[in-house]
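Undergrad: sequence first, predicted coordinates after that:
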Amino acid sequence: MHDTPMLDQLEGGPWPSFITGLKRLAKDNDMMVDLLGQLEHSYETRKGFWKGGTVGVFGYGGGIIPRFSEVASKFPDSAEFHTLRIQPPAGMHYSTDLLRQMCDVWEKHGSGLVAFHGQSGDIMFQGIRTDKVQAAFDEFNEMGFDLGGAGPAVRTSMSCIGHARCEQSCYDTARAHRDIVNTFLDDMHRPALPYKFKFKFSGCPNDCMNSVQRADMAVIGTWRDDMQVDQAEVKAFVASKGRQYVVDNVLTRCPTKCLSLNDDNTLAVDNRNCVRCMHCINVMTKALKPGNDRGVTVLIGGKRTLKIGDLFGTVVVPFMKLESQEDMDSLREIAQNTIDFFAENALEHERTGEMIDRIGLVNFLEGIGLEVDPHMIEYPRISSYVRMDGWDEEAAKWNERKAG
Amino acid sequence: MHDTPMLDQLEGGPWPSFITGLKRLAKDNDMMVDLLGQLEHSYETRKGFWKGGTVGVFGYGGGIIPRFSEVASKFPDSAEFHTLRIQPPAGMHYSTDLLRQMCDVWEKHGSGLVAFHGQSGDIMFQGIRTDKVQAAFDEFNEMGFDLGGAGPAVRTSMSCIGHARCEQSCYDTARAHRDIVNTFLDDMHRPALPYKFKFKFSGCPNDCMNSVQRADMAVIGTWRDDMQVDQAEVKAFVASKGRQYVVDNVLTRCPTKCLSLNDDNTLAVDNRNCVRCMHCINVMTKALKPGNDRGVTVLIGGKRTLKIGDLFGTVVVPFMKLESQEDMDSLREIAQNTIDFFAENALEHERTGEMIDRIGLVNFLEGIGLEVDPHMIEYPRISSYVRMDGWDEEAAKWNERKAG
Amino acid sequence: MAEMRPPIESGVPDPFQYMHPAMRRNYGQWKWHDRPRPGVLHHVAESGDEVWSVRAGTQRQMDLYTIRKLCDIGDAYGEGYVHFTIRSNIEYILTDKNKVAPLIEKLQAEGFPVGGTGNSVTMIAHTQGWLHCDIPGTDASGVVKALMDELHAEFVREEMPNRVHITTSCCQINCGGQGDIAINIQHTKPPKINHDLVANVCERPTVVARCPVAAIRPAMVNGKPSLEVDEKKCICCGACYPPCPPMQINDPEHSKLSIWVGGKNSNARGKPQFHKLVAAGIPNNPPRWPEAAAIVKKILQVYKKDAKDWERLADWVERIGWPRFFELTELPFTKFHIDNWRGARESLNASTHIRF
Amino acid sequence: MAEMRPPIESGVPDPFQYMHPAMRRNYGQWKWHDRPRPGVLHHVAESGDEVWSVRAGTQRQMDLYTIRKLCDIGDAYGEGYVHFTIRSNIEYILTDKNKVAPLIEKLQAEGFPVGGTGNSVTMIAHTQGWLHCDIPGTDASGVVKALMDELHAEFVREEMPNRVHITTSCCQINCGGQGDIAINIQHTKPPKINHDLVANVCERPTVVARCPVAAIRPAMVNGKPSLEVDEKKCICCGACYPPCPPMQINDPEHSKLSIWVGGKNSNARGKPQFHKLVAAGIPNNPPRWPEAAAIVKKILQVYKKDAKDWERLADWVERIGWPRFFELTELPFTKFHIDNWRGARESLNASTHIRF
Ligand code: SRM
Ligand code: SRM
Ligand code: SRM
Ligand code: SRM
Ligand code: SF4
Ligand code: SF4
Ligand code: SF4
Ligand code: SF4
Ligand code: SF4
Ligand code: SF4
Ligand code: SF4
Ligand code: SF4
């Protein structure tokens, strides 16, 4: 064992210690001995010492993150420390039985270190030598598990717990997650897109999957009829918390001020102006619920900083139902059109959001065959710098759509 | 007289008709006969027929807008139709006596057509031949009136009625208007700046002079102590309008929700979070007033569309007193520094707002010698794309300022 | 030249000499105001002094007979002083309450509508147009006259939810500024270049630099130095026309009116806001521009009906949302409503906040 | 190669086989929930079924002994199923209310803190850092462990105004995402180029294209093709480092931590918001990063004291204003806080809305 005085300081304290875990692994695993050594070296020098390379499994072009040590001469046993990205079951449910099987495979072939989960949702089996990658994958694959995405590919996706245990859930996130992502497995396993493409599925506007900012395509549940109000439960809530608490914490926080507390402690909702923000429903979980005519809003283009700065997705489908197989097919078609357009029109290393920024939302919408809609914008054009010679035709299109 | 069937249609209707006025002038003035002819021609062809040129008065480089007709062969008597831009008294007050004198001068030398006022505030004496310009100007000048701005110069300014008849007025707009603009007469009369520079003075955040969007330098009144509340008048207002009206129209419209209606119909104001928007004061004119510790906020960079799109000014001085001569000198110094920096650093035909956009607010502030302040921004930096190697020095500066 | 008179650089005149004595006396000492009726402001000073200001509409571009008439009225009823507002309304200041009604009667009799205060539709911001400007796409005085005729009833009443500020501009330079409702020009065809003139009157480097999308290139045409416009890039903004009049952008057919909504410079309630495009492609139709007037009236009618007290147009739309604005006004929503200029991303809906 | 096994492209596994039976049974039929105590969610289905979910913190980067231990606990108390949250917390789902307390006791005894629900500070978004990534400026596991030790008390309680989501990222690429509080890296010196390596490992056209400010030019150095960086332009973002490792951007001294506040992805109340810079120049100080932890704790302490119920950090600052945020947290405000990137104009105060 290497001396690890700095890392040792991460063994104290109330939070579970990964160092204690690494040390436990190191008892039976030389790779982990040197891994600890290299990590201590990083702590001392404040530098990282991994570099990439090319490692894969037969038939796939991605899904393994290769790591070769730059200080392998000092720490030879962790010279190779690759990660297998394995896609989790939609919603991240596990039986203990399954987890034990996974541990067993990883004990046999890898370091014994696993992350539940990576920020994109993969189970990350971290630390394996090149020569063992195929065998480990084969075993996981036989268990029913598949590699996730890496490189310029469709990536592993995440869906919230949704229908499985959440009363806010407006569509079946697990089903949509599987239906959509499994359509694009070729684009996941054989990276050939301009850059990565991420889907994320949240059951309601609380967006527990952070999809608006971490997904090229965010599918977020919502509803278009009136929210469900159980006035008896409203009264009970008001009785227990007091009118003032309800006014100050529910009514005044409504972004469009469309709630009003009646004198009899029931609630009046101006559903026409409710923007489905979820706040009042979050506070009064027993009294309020999303409506019954449920579906999804689709946003495209979220991502983090590179290269033009952080971006949120933009609404491209204000509402669509997502219940029947036809509904699902429509969503799949939008996804397919988006990925096709992205593949053909994005620059190298350009994400969807950056592409939309470069070409303009309107061109993107035309490219994927969606019609413009005022719900896609926060406010109409401010700049008069635009050429509008097609005005009459465009106006006619709208009037036809409205009439139809 | 020319036939003017189209213009004639602008004589009907309840609003005062400029056509009737032009026709009345045309009775005694051939210039106006042809002017009506050319205007009818414009109405028929939907085109303008004026072009610029060079016309001025001795000693000045600007202030006259020269207009030569492109259809002078058809309408010879209005071949020249220049405008004298004359600066109005601050606040646009006139005795009838003064107006009559102005009319007399204009009857003698010009067309008899006057606009009260141009969008920049000038009295526009419209329609004069080149050979009469000097004489007309001389007479106005002797009356105590001076030419306004045109071209790349400091422009004519406007100040709201303010102290003269408005209880909201937080500083003496007329005095500031005169003190500041009269400092820059050389820059007004001898255009040599990169582009135009406009001042505007509004006595309070209602901004009746539209300064935030129409002035390179907007001086807007505000206060920093608590607003004045006459609780008896509050009660009277609530009594006359009803509690619900007050809640719905005053409380809920407060942008920072810092008003609360007490049970006894008095008003509680969270002055710490009041952003001095004026709304509640506008509604309850008898009950509420700005505080007593009054001064101004200064914003720089407002303008309309050319060439990067419409711009609002940006706060560069969150608050300063504007009472003593020293206060006024400080404001003058800021104005002088701004104009000096603008003169040296703006590109040709670039306004201050565009310059700030190009070089960044921080460089501009450094250039005019003002310190950064969080009131200048709506929110801090979102983008991580910045080099921060001077952090410690900058942090120290702030800490010193706070300590000092 | 020796005899030329040097100018007296007197700058901004001192207003006190021309100011109504009651205003001079109570300068900076006003206490509160109310509006006894449309067109009349009643201000009370700390001293107890009271003034009634009566506001009337003018045509701004006034012949001197009209001005003298206004002076006559001022002498007879208004103590010899007047004040012009930023919107070219004239105000008479009275210290005697009893003169208010006779003054109003007189103004009305002489054809000057009394109103424009408080929650009315006040006078439209006026620019130059065909009467005087060298680059206009439409008229100004005529547009304003035609519209104010239509809106007269809303000028003399105070029945809108809040004050309505309308602006007009006669070219894309937009001297008229932002408005609750703004009626502006949008050119829809790139400039036609009159190559024969370019060499003579065009400041070529300036015009190339002025184009916001770099669509103009120097070029040789018929062996003479001229310019060419990349029509694919050109956004028809007309910025090239002032420095280069041969860049004919104004077109009787293709220069159209557009209508913008929700501009606001005051800080009341929300922060200042720019106006937004709602309608375009509207014919530039003198002498009375009926198509533009119809849209303006439709917007005002919906706003009047649907907005709450004190909601400016911007506040109202913020509450009900833009999709509903288009629904209620029955204006078509098109791809042109989606901004693509600098900062356009801010205008996209980056949330699931949607009203159904 | 003939014997190589072709992959089964099974994609996302069906979760139903691994899902707790009560969740399967009531799939899509949940009615309401509450939180009987920190760390415990109580969900009631339309059918009347009830489940209690007990949430515990993990180190995310788990050794298989820890996982097996969690499985043992799951078998003994949790009916053989677990659920992982997006923040690497583990949840046990119980249908028997009486097992909740014993399970909690067991978890605590084994060193797994129970909490992270509702208005607590939940687990920090975790990335790779020195343990695995090829471009990190700092560690991730260590940073998270050190911080969660400090924040443990706020994880096991629900005493914050609303839920607090903290994220960390170990380089400027920011895999950690937006956060109520985000702890990120800011490089403060341009990359030092290891010219000897460029020719071998650097994708030169790619790296030139990747620079957001076009600061990289191809150059010949010592007769070999290499690159040069215009240090005046370079904003030290590190984007050149992944495609060109010789662009050494990480620096033990000059790669500093920065703290950002007010990010929010949910649509609750306001629209989603990006986080904003509040502090930088913080030493990257392993193994426990005390300087960063101190600032995070100060921010949380002020927020806890001053914010109202249900106000996320972003909502709170929106109410009190950024100047007051800096005042209360005693963090210095500098020129670096004024944005100058795309869209920076939106961040300037274009109003007189000011709190004094
Ligand atoms: C492992 C993981 C962090 C973690 O510990 O959880 C990770 C690690 C890396 N990310 Fe990431 N990213 C991970 C989730 C994310 C996320 C979050 C998400 O997916 O929701 C983001 C922000 C969302 C987004 O896509 O914008 C993210 C934004 C990036 C970026 C910037 C992308 C951009 O367009 O801005 C890069 C750089 C790149 O791709 O060139 C990047 C690149 C990388 C690389 C491949 C570094 C590199 O270019 O060589 C890292 C490999 C680390 C390793 O050694 O395993 N990673 N990365 C996450 C993936 C695990 C998984 O598969 O579940
Ligand atoms: C006379 C004038 C100033 C001047 O020196 O010329 C003026 C005078 C007053 N304004 Fe104004 N405003 C005047 C143009 C403006 C403008 C500029 C404009 O019209 O282009 C604005 C900003 C425009 C904008 O936001 O687009 C303006 C925004 C306000 C506001 C804020 C309204 C709001 O809710 O946004 C108030 C407050 C109010 O209405 O109670 C206000 C209030 C007032 C008060 C009540 C102030 C007072 O206590 O005396 C004055 C009487 C107004 C009335 O009409 O009832 N004044 N006011 C201008 C009259 C123009 C006219 O003839 O119609
Ligand atoms: C006369 C007037 C309109 C009116 O009828 O009231 C006017 C008329 C012209 N404006 Fe203006 N502007 C007038 C107020 C404004 C305003 C309003 C203001 O000052 O508050 C603006 C918007 C505010 C601003 O400065 O942005 C304005 C923005 C422009 C611009 C665009 C400036 C920009 O940077 O975006 C131009 C074009 C230019 O300067 O190149 C312009 C140019 C012009 C020119 C000189 C056209 C030209 O370039 O040849 C027009 C001369 C018309 C004429 O024949 O008299 N005018 N112009 C206003 C000046 C009268 C006066 O002195 O009182
Ligand atoms: C389990 C989990 C989803 C999953 O499938 O993994 C989840 C589950 C629930 N979330 Fe969430 N949220 C989860 C991550 C998130 C995230 C993403 C994140 O943490 O990175 C967000 C958006 C983050 C953001 O805005 O920055 C998120 C934003 C919300 C909100 C909106 C909060 C707000 O006011 O902005 C609610 C509503 C609430 O708090 O009542 C919510 C509410 C809930 C409820 C109450 C929904 C329900 O009715 O069951 C669930 C229990 C929450 C609790 O902790 O009390 N959940 N929730 C995630 C637990 C993470 C953890 O271990 O701490
Ligand atoms: S996103 Fe909505 S539906 Fe999904 S877990 Fe969160 S609160 Fe429930
Ligand atoms: S969901 Fe949001 S917008 Fe709708 S009523 Fe509730 S708080 Fe208001
Ligand atoms: S800006 Fe303010 S002080 Fe000036 S007239 Fe308008 S309301 Fe009065
Ligand atoms: S002035 Fe505006 S911000 Fe201040 S209390 Fe009144 S409404 Fe609120
Ligand atoms: S808007 Fe255009 S046409 Fe009208 S006055 Fe201004 S510059 Fe002239
Ligand atoms: S009209 Fe505007 S965009 Fe077109 S060439 Fe002229 S300046 Fe350029
Ligand atoms: S944030 Fe940077 S260093 Fe950390 S895992 Fe992501 S790419 Fe690697
Ligand atoms: S650090 Fe960023 S800005 Fe500097 S050279 Fe590299 S990519 Fe360009």
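TA: Received it, and whenever you're ready, just let me know what you need. Ligands and ions are numbered 1, 2, ... in the order given.
Undergrad: what segments of the stretch 51-200 of chain C are strands?
TA: Using DSSP state E, counting those that start in this stretch, the strands assigned to the stretch 51-200 of chain C run over residues C:61-63, C:81-84, C:90-94, C:166-168, C:181-187, C:192-193.
Undergrad: pLDDT score assigned to residue A:252?
TA: For residue A:252, the pLDDT comes out at 87.
Undergrad: could you confirm it falls within a helix?
TA: Yes: secondary structure of residue A:252 (DSSP: H, G, I helix; E, B strand; the rest coil): part of a helix.
Undergrad: separation between the residue lying closest to it once chain neighbours are set aside and residue A:362?
TA: Once flanking residues are discounted, residue A:252 sits nearest to residue B:257: 6.0 Å by Cβ to Cβ, 6 or more residues apart in numbering or on different chains. The way it works is simple: take the backbone N, C-alpha and C, and place the C-beta from them, glycine included. The spacing between residue B:257 and residue A:362, counted by Cβ to Cβ, to the nearest Å, is 37 Å.
Undergrad: so what does the helix or strand of chain A with the lowest mean pLDDT touch, helix or strand wise?
TA: None of the helices or strands of chain A scores lower by mean pLDDT, DSSP states H and E than helix A:243-249, at a mean of 90. Packing partners of helix A:243-249 (3 or more Cβ pairs under 8 Å, 6 or more residues apart in numbering or on different chains; DSSP states H and E): helix A:231-241, strand A:259-261.
Undergrad: who wins for proximity to residue C:158 among these?
TA: strand A:259-261 (27.8 Å; Cβ to Cβ).
Undergrad: residue C:278 is in contact with residue C:263, isn't it?
TA: No: if you go by Cβ atoms under 8 Å, residue C:278 and residue C:263 don't touch, sitting 11.5 Å apart.
Undergrad: hmm, back to that, show me what the least confident helix or strand of chain A is in contact with.
TA: A:237-238, A:241, A:261, A:265, A:283, D:308-310 (Cβ atoms under 8 Å, 6 or more residues apart in numbering or on different chains).
Undergrad: out of those residues, which end up buried?
TA: Neighbour-count burial (16 or more other Cβ atoms under 10 Å in any protein chain shown) is assigned, among the contacts of helix A:243-249, to A:237-238, A:261, A:283, D:310.
Undergrad: which of these lies closest to residue B:382?
TA: residue D:310 (24.1 Å).
Undergrad: quick one on the thing from earlier: show the contacting residues for the residue nearest to residue A:252.
TA: So residue B:257 contacts A:252, B:251, B:273, D:319 (Cβ under 8 Å, 6+ apart).
Undergrad: any idea how far the third one is from ligand 1?
TA: Taking Cβ to the nearest ligand atom, to the nearest Å as the measure, residue B:273 falls 35 Å from ligand 1.
Undergrad: let me know the pLDDT of that residue.
TA: 95.
Undergrad: what helix or strand is it located in?
TA: Using DSSP states H and E, residue B:273 falls within no helix or strand.
Undergrad: ok, the nearest residue to it once chain neighbours are set aside to ligand 4 distance?
TA: With Cβ to Cβ, 6+ apart as the measure, residue B:258 is the residue that lies nearest to residue B:273, at 4.2 Å, once sequence neighbours are left out. As judged by Cβ to the nearest ligand atom, residue B:258 and ligand 4 stand 22 Å apart.
Undergrad: doesn't residue B:269 make contact with residue B:258?
TA: Yes: at 6.5 Å, residue B:258 and residue B:269 qualify as touching, with contact defined as Cβ under 8 Å.
Undergrad: report how many residues lie close to whichever residue of the stretch 251-400 of chain A sits closest to ligand 3.
TA: For the stretch 251-400 of chain A, the nearest residue to ligand 3 under the criterion Cβ to the nearest ligand atom is residue A:384, separated by 11.2 Å. By other Cβ atoms under 10 Å in any protein chain shown, 29 other residues sit near residue A:384.
Undergrad: same check on the one 3 residues further on?
TA: Residue A:387 has 19 neighbouring residues, counting by other Cβ under 10 Å.
Undergrad: got a pLDDT number for it?
TA: At residue A:387, pLDDT is 95.
Undergrad: what sits against it?
TA: C:188, C:190, C:234-236.
Undergrad: distance of the residue of the stretch 151-300 of chain A found nearest ligand 5 from residue C:349?
TA: Ranked by Cβ to the nearest ligand atom, the top residue of the stretch 151-300 of chain A for proximity to ligand 5 is residue A:203, at 2.6 Å. Going from residue A:203 to residue C:349 by Cβ to Cβ gives 20 Å.
Undergrad: so for these two, which sits in the more crowded spot?
TA: Just comparing residue A:203 and residue C:349: by other Cβ under 10 Å the higher neighbour count belongs to residue A:203, 33 against 24.
Undergrad: how about the more buried one, what does it touch?
TA: Applying Cβ under 8 Å, 6+ apart, the residues near residue A:203 are A:159-163, A:166, A:168-171, A:173, A:220-221.
Undergrad: okay if I get those as JSON lines plus distance to ligand 7?
TA: Compiled in JSON lines, the contacts of residue A:203 are given as follows (distance: Cβ to the nearest ligand atom, whole Å):
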{"residue": "A:159", "distance to ligand 7": "54"}
{"residue": "A:160", "distance to ligand 7": "51"}
{"residue": "A:161", "distance to ligand 7": "54"}
{"residue": "A:162", "distance to ligand 7": "53"}
{"residue": "A:163", "distance to ligand 7": "56"}
{"residue": "A:166", "distance to ligand 7": "51"}
{"residue": "A:168", "distance to ligand 7": "47"}
{"residue": "A:169", "distance to ligand 7": "51"}
{"residue": "A:170", "distance to ligand 7": "48"}
{"residue": "A:171", "distance to ligand 7": "52"}
{"residue": "A:173", "distance to ligand 7": "53"}
{"residue": "A:220", "distance to ligand 7": "44"}
{"residue": "A:221", "distance to ligand 7": "47"}
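Undergrad: which residue does chain A bring closest to ligand 11?
TA: Closest point on chain A to ligand 11, by Cβ to the nearest ligand atom, is residue A:48, at 7.5 Å.
Undergrad: just the stretch 201-350 of chain C next, same as before
TA: For the stretch 201-350 of chain C, Cβ to the nearest ligand atom, closest residue to ligand 11: residue C:350, 22.9 Å.
Undergrad: could you find the closest non-adjacent residue to that residue?
TA: The shortest distance from residue C:350 to any non-neighbouring residue, by Cβ to Cβ, 6+ apart, is to residue A:312 (3.5 Å).
Undergrad: the one you found and ligand 8, how far apart?
TA: Using Cβ to the nearest ligand atom, we find residue A:312 at a distance of 29 Å from ligand 8.
Undergrad: I figured that residue hits residue A:300, correct?
TA: No: contact criterion Cβ under 8 Å: residue A:312 and residue A:300 do not qualify, at 10.3 Å.
Undergrad: circling back: helix or strand for the residue of chain A closest to ligand 11, which one?
TA: With DSSP H and E as criterion, residue A:48 is part of no helix or strand.
Undergrad: what does the pLDDT read for the nearest residue to residue A:268 once chain neighbours are set aside?
TA: Excluding its sequence neighbours, the residue lying closest to residue A:268 (Cβ to Cβ, 6+ apart) is residue A:260, at 4.3 Å. For residue A:260, the pLDDT comes out at 93.
Undergrad: what's near enough to touch residue A:260?
TA: Each residue near residue A:260 by Cβ under 8 Å, 6+ apart is listed here: A:251, A:267-268, A:270.
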